[in-house]
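*Asks:* Predicted model and sequence follow; I will ask about them next.
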There are 2 protein chains.
Amino acid sequence: MNSFFENNASILLETPELAEAFQKMMRFQKFPKNSILHEAGTICNEMHIIMSGISRVFYYKEDKDITCHFAAEQETITTIDSFIQRKKSKYNIEALEDLEVLTITHQDLEDLFESHPKYERFGRLFLQQIYIDLVERIDDLQLHTAQERYEILLEKKSYLFQRVSAKHIASFLGMTPETFSRIRGK
Amino acid sequence: MNSFFENNASILLETPELAEAFQKMMRFQKFPKNSILHEAGTICNEMHIIMSGISRVFYYKEDKDITCHFAAEQETITTIDSFIQRKKSKYNIEALEDLEVLTITHQDLEDLFESHPKYERFGRLFLQQIYIDLVERIDDLQLHTAQERYEILLEKKSYLFQRVSAKHIASFLGMTPETFSRIRGK
DNA sequence: ATAATTTCTTGATAAATGTCAAGAAGAAAT
DNA sequence: ATTTCTTCTTGACATTTATCAAGAAATTAT
């Protein structure tokens, strides 16, 4: 899993003042399994760092439920287009297991960026990381067969296959549940 | 086209000192059509802002030439995984037309970030922008038919269809040249 | 201008994947 | 434990897209 926060915590915790400012902003929250953390059609004001549990981002394409992102321990989750652009999101966020998270609001994050260049830097490095991840995901989707996409994901995030229902992984991989089932059954 | 630089130039040019520091770093360059700006297997040290012309990022997947990105006027181009992570890239950059660019090196950009928080902020905002663009691209690829992918691109970047050869657009859209040709012929 | 090379189109066929349907298996509720 | 609901599997079939091949059109080089 993405250990970006572990690897870069030193930036945030470099001095007691930096560490304190950061920790003050984070709010611990729990969400029960199947609850919705963010609903489509609203502006997303929160970003969560997941302490335990797993969650997904999804939307409806002509009544079909499409998962476009999973996040588990150490990873962050938000509907990032809405969070960044301050506009209504078409995406929902759902807890797939009981979830424990640290939450920061958009406003608090902006204030943090304002308050000290170190945070600004942290924000830039964070975006670099998730950008790289996304480039890799496009690479995995473009010009690979369903079989290959299945194998790539199994290689990279095998824990999903244990923890998440097949239909969500199927849509994430851009295939039907039937095709997913046939590939899985070798 | 992406007018991120136009929209956010004010950050960079806020004071004469900021503007001067930025301009000093940029080097004007020309590349003839068909030239390679960056070759796979090497570390990419440069980012280009395109003044005129069009370029592509591509790589070889089992001998097949796959285009994964286009950039034209006002847009930036680099092999960003390599540029950020300082590792060898599997991607190449090619000029599809005679190209005029402003180039900044990785080191100069890092120095710029070091030198003033305003630049750090600019870097963060830039990454936010290209991240959003990439989310949209995944959305366009995932669970759309070849016909739909064609139509989405025609809607968003019709200029590509005039300026770029069909085979490059085809691989960018994740389909064969034959399928592309048949879709185009209605 | 002509030749050589590359790109584009079109047809025939094969392979991959989606759709629909029905039953099995699993999970959740009573 | 039984019932109910959802998810998963499997088969038959339809559709989409890839592959291979050949010729046309366009581009580049001589």
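*Replies:* That came in fine, so what should we check first?

*Asks:* can we go C-alpha only for contacts and neighbour counts from here?
*Replies:* OK.

*Asks:* Name the helix or strand for the residue lying closest to A:Asn8 once chain neighbours are set aside, please.
*Replies:* Spatial nearest neighbour of A:Asn8, excluding adjacent residues (CA to CA, 6 or more residues apart in numbering or on different chains): A:Phe122 at 7.6 Å. Assigned by DSSP states H and E, A:Phe122 falls within helix A:117-141.

*Asks:* any idea how far B:Arg121 is from the residue nearest to A:Asn8?
*Replies:* 10 Å (CA to CA, to the nearest Å).

*Asks:* before we move on, what about A:Leu96?
*Replies:* A:Leu96 is 35 Å from B:Arg121, by CA to CA.

*Asks:* Go ahead and confirm the residue nearest to A:Asn8 touches A:Ser10.
*Replies:* No. Using CA atoms under 8 Å as the test, A:Phe122 is too far from A:Ser10 to be in contact (9.9 Å).

*Asks:* These two: which has the busier surroundings?
*Replies:* A:Phe122 (20 against 12; other CA atoms under 10 Å in any protein chain shown).

*Asks:* quick one, what contacts the more buried one?
*Replies:* A:Asn8, A:Ile11, A:Leu12 (CA atoms under 8 Å, 6 or more residues apart in numbering or on different chains).

*Asks:* Same question for stretch A:56-71: list its buried residues.
*Replies:* A:Arg56, A:Val57, A:Phe58, A:Tyr59, A:Ile66, A:Thr67, A:Cys68, A:His69, A:Phe70, A:Ala71 (16 or more other CA atoms under 10 Å in any protein chain shown).

*Asks:* Ends of it, what's the gap?
*Replies:* With CA to CA as the measure, what separates the two termini of stretch A:56-71 is 6 Å.

*Asks:* got a list of contacts for that stretch?
*Replies:* A:40, A:50, A:54-55, A:77-79, A:90-96, A:168-169, A:171-172, B:139.

*Asks:* give me that answer again for 7 Å
*Replies:* A:54-55, A:77, A:90-96, A:168, A:171-172 (CA atoms under 7 Å, 6 or more residues apart in numbering or on different chains).

*Asks:* Sort out which of those are buried, if you could.
*Replies:* Buried among these (16+ other CA under 10 Å): A:54-55, A:77, A:90-96, A:168, A:171-172.

*Asks:* For those residues, work out which two are farthest apart.
*Replies:* Maximum pairwise distance in the buried ones among the contacts of stretch A:56-71, criterion CA to CA, is 20.4 Å, between A:Ile54 and A:Lys90.

*Asks:* List the contacts of the residue most central in space within chain A.
*Replies:* Nearest to the mean C-alpha position of chain A, by CA atoms, centre = their mean, lies A:Ile77 at 3.4 Å. Applying CA under 7 Å, 6+ apart to A:Ile77 gives the contacts A:Met47, A:His48, A:Ile49, A:Ala71.

*Asks:* Out of those residues, list just those in strands.
*Replies:* Cross-referencing these against strands under DSSP state E gives A:Met47, A:His48, A:Ile49, A:Ala71.

*Asks:* Can you tell me which of the residues you listed is closest to A:Ile130?
*Replies:* Nearest to A:Ile130 among these, with distances taken as CA to CA, is A:Ala71, at 12.0 Å.

*Asks:* what bridges to that closest one?
*Replies:* A:Ala71 has these beta-bridge partners by DSSP bridges: A:Ser55.

*Asks:* again, but for A:His38
*Replies:* A:His38 has these beta-bridge partners by DSSP bridges: A:Ile93.

*Asks:* Can you report how many residues neighbour it?
*Replies:* Around A:His38 there are 20 residues (other CA under 10 Å).

*Asks:* I'd like the distance from it to A:Lys90, if you could.
*Replies:* Applying CA to CA to A:His38 and A:Lys90 gives a distance of 10 Å.

*Asks:* so how many other residues sit close to the nearest residue to A:Ile152 once chain neighbours are set aside?
*Replies:* Counting by CA to CA, 6+ apart, A:Asp140 is the residue found nearest to A:Ile152 once chain neighbours are left out, at 7.3 Å. When counting by other CA under 10 Å, one arrives at 17 neighbours for A:Asp140.

*Asks:* sorry, back to before: just the pLDDT for the residue nearest to A:Asn8.
*Replies:* Turning to A:Phe122, the model gives it a pLDDT of 93.

*Asks:* now do the one 3 residues further on
*Replies:* The predicted structure scores A:Leu125 at 95 on the pLDDT scale.

*Asks:* Same question for A:Lys118.
*Replies:* pLDDT at A:Lys118 comes out at 89.

*Asks:* which residues touch A:Met51?
*Replies:* A:Met51 neighbours (CA under 7 Å, 6+ apart): A:Glu73, A:Gln74, A:Glu100, A:Val101.
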